[in-house]
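>>> Below is the sequence, then the predicted model.
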Amino acid sequence: MYSKSHQVEFEKYAKNYDSNAFIQKKVAKELVQKLNFKPKTILDIGCGTGEIYKNISWKIDRFVGVDCSSSMCKLHPQSKNIEIICSDFESLEFVENIKKLAPFDLLISSSSLQWAKDIGEVFKIYSKLSKKIAFSIFTNKTFKAIYEITNRESFLPSFDSVYLLSKTLNNCIIERKIYKMDFVDNLSMLRYIKEGGISGGNRVLDYKEIKYLLNNYPHSYLEFEVAFIIK
Ligand SMILES: C[S@@+](CC[C@H](N)C(=O)[O-])C[C@H]1O[C@@H](n2cnc3c(N)ncnc32)[C@H](O)[C@@H]1O
(Lines give C-alpha, C1' and ligand atoms only; values in the text may rest on other atoms or scores of the structure.)
Protein backbone atom coordinates (compact mmCIF):
# COMPACT_ATOMS: atom_id res chain seq x y z
CA MET A 1 0.00 0.00 0.00
CA TYR A 2 3.00 2.29 0.52
CA SER A 3 3.55 4.90 -2.13
CA LYS A 4 5.61 8.05 -2.34
CA SER A 5 2.32 9.92 -2.73
CA HIS A 6 1.09 9.00 0.73
CA GLN A 7 4.38 10.15 2.22
CA VAL A 8 3.95 13.47 0.40
CA GLU A 9 0.36 13.67 1.64
CA PHE A 10 1.35 13.15 5.29
CA GLU A 11 4.00 15.86 4.87
CA LYS A 12 1.39 18.21 3.45
CA TYR A 13 -1.33 17.62 6.02
CA ALA A 14 0.88 17.15 9.11
CA LYS A 15 -0.15 20.45 10.67
CA ASN A 16 -3.86 19.68 10.14
CA TYR A 17 -3.54 16.05 11.24
CA ASP A 18 -4.22 16.65 14.93
CA SER A 19 -7.41 18.60 14.27
CA ASN A 20 -8.70 16.13 11.63
CA ALA A 21 -7.73 12.73 12.96
CA PHE A 22 -10.73 12.15 15.25
CA ILE A 23 -11.02 8.45 14.50
CA GLN A 24 -7.26 7.80 14.60
CA LYS A 25 -7.15 9.53 18.02
CA LYS A 26 -9.99 7.35 19.31
CA VAL A 27 -8.28 4.24 17.91
CA ALA A 28 -4.90 5.11 19.49
CA LYS A 29 -6.58 5.71 22.85
CA GLU A 30 -8.44 2.40 22.71
CA LEU A 31 -5.28 0.58 21.64
CA VAL A 32 -3.39 1.86 24.70
CA GLN A 33 -6.39 1.03 26.93
CA LYS A 34 -6.22 -2.58 25.72
CA LEU A 35 -2.75 -3.04 27.25
CA ASN A 36 -2.89 -5.14 30.40
CA PHE A 37 0.56 -4.05 31.60
CA LYS A 38 2.67 -0.90 31.78
CA PRO A 39 5.63 -1.31 29.43
CA LYS A 40 8.77 0.67 30.26
CA THR A 41 10.33 0.52 26.79
CA ILE A 42 8.20 1.06 23.70
CA LEU A 43 8.73 1.07 19.94
CA ASP A 44 5.98 2.91 18.01
CA ILE A 45 5.88 2.18 14.27
CA GLY A 46 4.44 5.10 12.28
CA CYS A 47 4.34 7.29 15.40
CA GLY A 48 3.05 10.38 13.57
CA THR A 49 2.44 13.36 15.82
CA GLY A 50 2.51 11.20 18.94
CA GLU A 51 -1.02 9.92 19.52
CA ILE A 52 0.30 6.78 21.24
CA TYR A 53 2.76 8.66 23.42
CA LYS A 54 0.08 11.17 24.46
CA ASN A 55 -2.07 8.30 25.80
CA ILE A 56 0.64 6.82 28.00
CA SER A 57 -0.09 7.78 31.57
CA TRP A 58 2.70 5.89 33.36
CA LYS A 59 6.41 6.50 33.68
CA ILE A 60 8.50 5.03 30.89
CA ASP A 61 12.26 4.65 30.44
CA ARG A 62 12.46 4.80 26.68
CA PHE A 63 10.06 5.59 23.84
CA VAL A 64 11.30 5.13 20.27
CA GLY A 65 9.07 6.25 17.43
CA VAL A 66 9.65 5.90 13.69
CA ASP A 67 7.87 7.82 10.96
CA CYS A 68 8.79 8.65 7.37
CA SER A 69 7.20 12.11 7.45
CA SER A 70 9.58 14.70 8.89
CA SER A 71 6.68 17.14 9.40
CA MET A 72 4.81 14.57 11.50
CA CYS A 73 8.02 13.74 13.44
CA LYS A 74 8.58 17.41 14.25
CA LEU A 75 5.14 17.58 15.90
CA HIS A 76 5.80 14.56 18.13
CA PRO A 77 6.29 15.39 21.84
CA GLN A 78 9.98 15.58 22.73
CA SER A 79 11.79 14.71 25.93
CA LYS A 80 15.01 13.05 26.95
CA ASN A 81 13.48 9.56 27.07
CA ILE A 82 11.89 9.98 23.59
CA GLU A 83 13.76 9.22 20.39
CA ILE A 84 11.98 9.96 17.13
CA ILE A 85 13.59 8.56 14.00
CA CYS A 86 12.52 9.90 10.62
CA SER A 87 12.69 6.84 8.39
CA ASP A 88 10.68 4.34 6.36
CA PHE A 89 9.88 1.54 8.82
CA GLU A 90 10.25 -0.97 5.97
CA SER A 91 13.75 0.12 4.97
CA LEU A 92 16.39 -2.54 5.56
CA GLU A 93 18.76 0.04 7.00
CA PHE A 94 16.23 1.13 9.62
CA VAL A 95 15.35 -2.46 10.48
CA GLU A 96 19.04 -3.31 11.02
CA ASN A 97 19.51 -0.27 13.27
CA ILE A 98 16.38 -0.81 15.34
CA LYS A 99 17.35 -4.42 16.03
CA LYS A 100 20.30 -3.03 18.01
CA LEU A 101 17.88 -1.30 20.41
CA ALA A 102 15.73 -4.41 20.95
CA PRO A 103 14.15 -6.00 22.87
CA PHE A 104 11.32 -3.60 23.69
CA ASP A 105 8.67 -4.30 26.34
CA LEU A 106 6.07 -3.33 23.74
CA LEU A 107 5.85 -2.96 20.00
CA ILE A 108 2.92 -0.72 19.09
CA SER A 109 1.51 0.79 15.93
CA SER A 110 -1.72 2.69 15.47
CA SER A 111 -3.34 3.58 12.12
CA SER A 112 -0.06 3.16 10.20
CA LEU A 113 0.54 -0.44 9.13
CA GLN A 114 -2.13 -0.29 6.41
CA TRP A 115 0.47 1.73 4.49
CA ALA A 116 3.09 -1.03 4.58
CA LYS A 117 4.10 -2.50 1.22
CA ASP A 118 4.14 -5.91 2.86
CA ILE A 119 2.26 -6.17 6.17
CA GLY A 120 3.21 -9.84 6.57
CA GLU A 121 6.89 -9.00 6.32
CA VAL A 122 6.52 -6.18 8.84
CA PHE A 123 4.81 -8.62 11.25
CA LYS A 124 7.61 -11.14 10.70
CA ILE A 125 10.51 -8.74 11.19
CA TYR A 126 9.12 -6.61 14.00
CA SER A 127 7.60 -9.38 16.10
CA LYS A 128 11.15 -10.51 16.85
CA LEU A 129 11.78 -7.21 18.63
CA SER A 130 9.19 -7.65 21.38
CA LYS A 131 7.07 -10.36 23.02
CA LYS A 132 4.17 -7.93 23.42
CA ILE A 133 2.40 -6.37 20.47
CA ALA A 134 -0.47 -3.92 20.01
CA PHE A 135 -1.49 -2.96 16.48
CA SER A 136 -4.48 -1.16 15.01
CA ILE A 137 -4.83 -1.31 11.24
CA PHE A 138 -7.47 0.35 9.05
CA THR A 139 -9.11 -2.21 6.78
CA ASN A 140 -11.14 -2.11 3.60
CA LYS A 141 -14.65 -1.54 4.94
CA THR A 142 -13.42 1.97 5.73
CA PHE A 143 -15.48 4.33 3.51
CA LYS A 144 -17.59 1.27 2.57
CA ALA A 145 -20.55 3.25 1.18
CA ILE A 146 -18.29 5.45 -0.94
CA TYR A 147 -16.63 2.43 -2.53
CA GLU A 148 -20.01 0.80 -3.17
CA ILE A 149 -21.47 3.91 -4.82
CA THR A 150 -18.41 4.59 -6.99
CA ASN A 151 -17.82 0.92 -7.77
CA ARG A 152 -14.21 1.23 -6.74
CA GLU A 153 -12.03 -1.12 -4.74
CA SER A 154 -10.48 0.05 -1.52
CA PHE A 155 -6.69 0.23 -1.45
CA LEU A 156 -6.77 -0.85 2.18
CA PRO A 157 -6.18 -4.50 3.16
CA SER A 158 -9.23 -6.61 4.00
CA PHE A 159 -9.88 -7.60 7.61
CA ASP A 160 -9.67 -11.25 6.55
CA SER A 161 -6.21 -10.81 5.03
CA VAL A 162 -4.97 -9.06 8.18
CA TYR A 163 -6.60 -11.81 10.26
CA LEU A 164 -4.71 -14.48 8.29
CA LEU A 165 -1.40 -12.63 8.57
CA SER A 166 -1.90 -12.18 12.32
CA LYS A 167 -1.76 -15.97 12.71
CA THR A 168 2.01 -15.74 12.18
CA LEU A 169 2.23 -13.69 15.39
CA ASN A 170 1.16 -16.71 17.48
CA ASN A 171 -1.38 -16.40 20.30
CA CYS A 172 -2.58 -12.94 19.48
CA ILE A 173 -6.14 -11.72 19.82
CA ILE A 174 -7.64 -10.01 16.79
CA GLU A 175 -10.79 -7.95 16.91
CA ARG A 176 -12.73 -5.97 14.30
CA LYS A 177 -14.32 -2.66 15.20
CA ILE A 178 -16.54 -0.40 13.12
CA TYR A 179 -16.61 3.33 13.82
CA LYS A 180 -19.01 5.91 12.42
CA MET A 181 -18.27 9.58 12.16
CA ASP A 182 -21.10 12.09 11.59
CA PHE A 183 -20.88 15.10 9.30
CA VAL A 184 -23.10 18.15 8.99
CA ASP A 185 -23.02 17.94 5.20
CA ASN A 186 -21.43 16.06 2.30
CA LEU A 187 -18.91 18.80 1.60
CA SER A 188 -17.35 18.56 5.06
CA MET A 189 -17.36 14.77 4.71
CA LEU A 190 -15.46 14.90 1.40
CA ARG A 191 -13.04 17.46 2.83
CA TYR A 192 -12.38 15.15 5.75
CA ILE A 193 -11.51 12.28 3.39
CA LYS A 194 -9.00 14.50 1.65
CA GLU A 195 -7.34 15.77 4.81
CA GLY A 196 -7.95 13.07 7.39
CA GLY A 197 -4.88 10.91 6.74
CA ILE A 198 -6.86 7.85 5.66
CA SER A 199 -6.66 8.30 1.91
CA GLY A 200 -2.97 9.19 2.37
CA GLY A 201 -2.37 10.50 -1.11
CA ASN A 202 -4.13 7.69 -2.94
CA ARG A 203 -6.56 9.52 -5.19
CA VAL A 204 -9.72 7.90 -3.91
CA LEU A 205 -12.14 9.85 -6.08
CA ASP A 206 -12.12 11.76 -9.34
CA TYR A 207 -13.89 15.06 -9.98
CA LYS A 208 -17.07 13.46 -11.41
CA GLU A 209 -17.38 11.11 -8.45
CA ILE A 210 -16.84 13.92 -5.98
CA LYS A 211 -19.58 15.93 -7.66
CA TYR A 212 -21.94 12.94 -7.63
CA LEU A 213 -21.25 12.18 -3.96
CA LEU A 214 -21.70 15.81 -3.01
CA ASN A 215 -25.33 15.61 -4.13
CA ASN A 216 -26.14 11.94 -3.61
CA TYR A 217 -24.17 10.44 -0.70
CA PRO A 218 -27.00 8.75 1.23
CA HIS A 219 -25.64 8.86 4.81
CA SER A 220 -24.75 11.54 7.31
CA TYR A 221 -21.72 9.51 8.36
CA LEU A 222 -18.59 7.75 7.15
CA GLU A 223 -17.73 4.24 8.27
CA PHE A 224 -14.30 3.04 9.36
CA GLU A 225 -13.20 -0.52 9.94
CA VAL A 226 -10.23 -1.22 12.17
CA ALA A 227 -8.44 -4.45 13.06
CA PHE A 228 -6.98 -4.54 16.59
CA ILE A 229 -4.24 -7.09 17.19
CA ILE A 230 -3.02 -7.69 20.72
CA LYS A 231 -0.41 -10.13 21.91
C1 LIG B 1 -2.60 7.94 10.06
S2 LIG B 1 -1.02 8.35 10.64
C3 LIG B 1 -1.01 7.63 12.26
C4 LIG B 1 -0.07 8.32 13.18
C5 LIG B 1 -0.16 7.92 14.65
N6 LIG B 1 0.28 6.56 14.86
C7 LIG B 1 -1.56 8.11 15.18
O8 LIG B 1 -2.14 7.16 15.71
O9 LIG B 1 -2.08 9.24 15.08
C10 LIG B 1 0.03 7.23 9.74
C11 LIG B 1 1.50 7.57 9.91
O12 LIG B 1 2.26 6.48 9.35
C13 LIG B 1 3.40 7.05 8.71
N14 LIG B 1 3.88 6.05 7.74
C15 LIG B 1 3.19 5.45 6.76
N16 LIG B 1 3.97 4.58 6.09
C17 LIG B 1 5.19 4.63 6.66
C18 LIG B 1 6.42 3.96 6.43
N19 LIG B 1 6.55 3.06 5.46
N20 LIG B 1 7.47 4.26 7.23
C21 LIG B 1 7.35 5.16 8.22
N22 LIG B 1 6.21 5.84 8.51
C23 LIG B 1 5.13 5.56 7.74
C24 LIG B 1 2.88 8.34 8.09
O25 LIG B 1 3.92 9.25 7.80
C26 LIG B 1 1.94 8.83 9.18
O27 LIG B 1 2.56 9.71 10.08
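Everything's here; your move.

>>> When you work out contacts or count neighbours from here on, use the C-alpha atoms and nothing else.
Will do.

>>> What ranges does the chain have for its strands?
41-45, 62-67, 82-86, 106-110, 133-139, 173-182, 221-230 (DSSP state E).

>>> nearest to the ligand, of those strands?
Each of these was scored for nearness to the ligand using C-alpha to the nearest ligand atom, and the closest is strand 62-67 (3.6 Å).

>>> what's next to the closest one, contact-wise?
40-48, 53, 73, 81-89 (C-alpha atoms under 8 Å, 6 or more residues apart in numbering).

>>> that older thread, could the strands of the chain be laid out in a markdown table, adding mean pLDDT and mean neighbour count?
Shown next, in a markdown table, are those (pLDDT from 0 to 100; neighbours: other C-alpha atoms under 10 Å):
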| stretch | mean pLDDT | mean neighbour count |
| --- | --- | --- |
| strand 41-45 | 98 | 24 |
| strand 62-67 | 98 | 22 |
| strand 82-86 | 97 | 19 |
| strand 106-110 | 98 | 25 |
| strand 133-139 | 98 | 25 |
| strand 173-182 | 97 | 14 |
| strand 221-230 | 97 | 21 |
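
>>> Ok, which of those strands comes nearest residue 191?
Distance to residue 191, taken as C-alpha to C-alpha, is lowest for strand 221-230 among the strands of the chain, at 12.0 Å.

>>> what's across from the closest residue to residue 178 other than its chain neighbours in the sheet?
Nearest residue to residue 178, sequence neighbours excluded (C-alpha to C-alpha, 6 or more residues apart in numbering): residue 225, at 4.6 Å. Beta bridges link residue 225 to residue 139, residue 178, judged by DSSP bridges.

>>> what's residue 225 in contact with, if anything?
Contacts of residue 225 (C-alpha under 8 Å, 6+ apart): 138-142, 176-179.

>>> that older thread, the ligand next: which of the contacts of strand 62-67 are close?
Counting by C-alpha under 6 Å from any ligand atom, 46-48, 87-89 from the contacts of strand 62-67 sit close to the ligand.

>>> Buried among those residues? Need that as a selection in ChimeraX.
If you want just the buried ones from those in ChimeraX, going by 16 or more other C-alpha atoms under 10 Å, the selection is:
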select :46,47,48,87,88,89
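
>>> export the ones next to the ligand among the contacts of strand 62-67 to a markdown table and tack on pLDDT and distance to residue 96?
Formatted as a markdown table, those follow (pLDDT from 0 to 100; distance: C-alpha to C-alpha, whole Å):
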| residue | pLDDT | distance to residue 96 |
| --- | --- | --- |
| 46 | 97 | 17 |
| 47 | 98 | 19 |
| 48 | 96 | 21 |
| 87 | 96 | 12 |
| 88 | 96 | 12 |
| 89 | 97 | 11 |
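
>>> As CSV, the ones next to the ligand among the contacts of strand 62-67 with distance to residue 172 would be great.
As requested, these are exported to CSV (distance: C-alpha to C-alpha, whole Å):
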residue, distance to residue 172
46, 21
47, 22
48, 25
87, 27
88, 25
89, 22
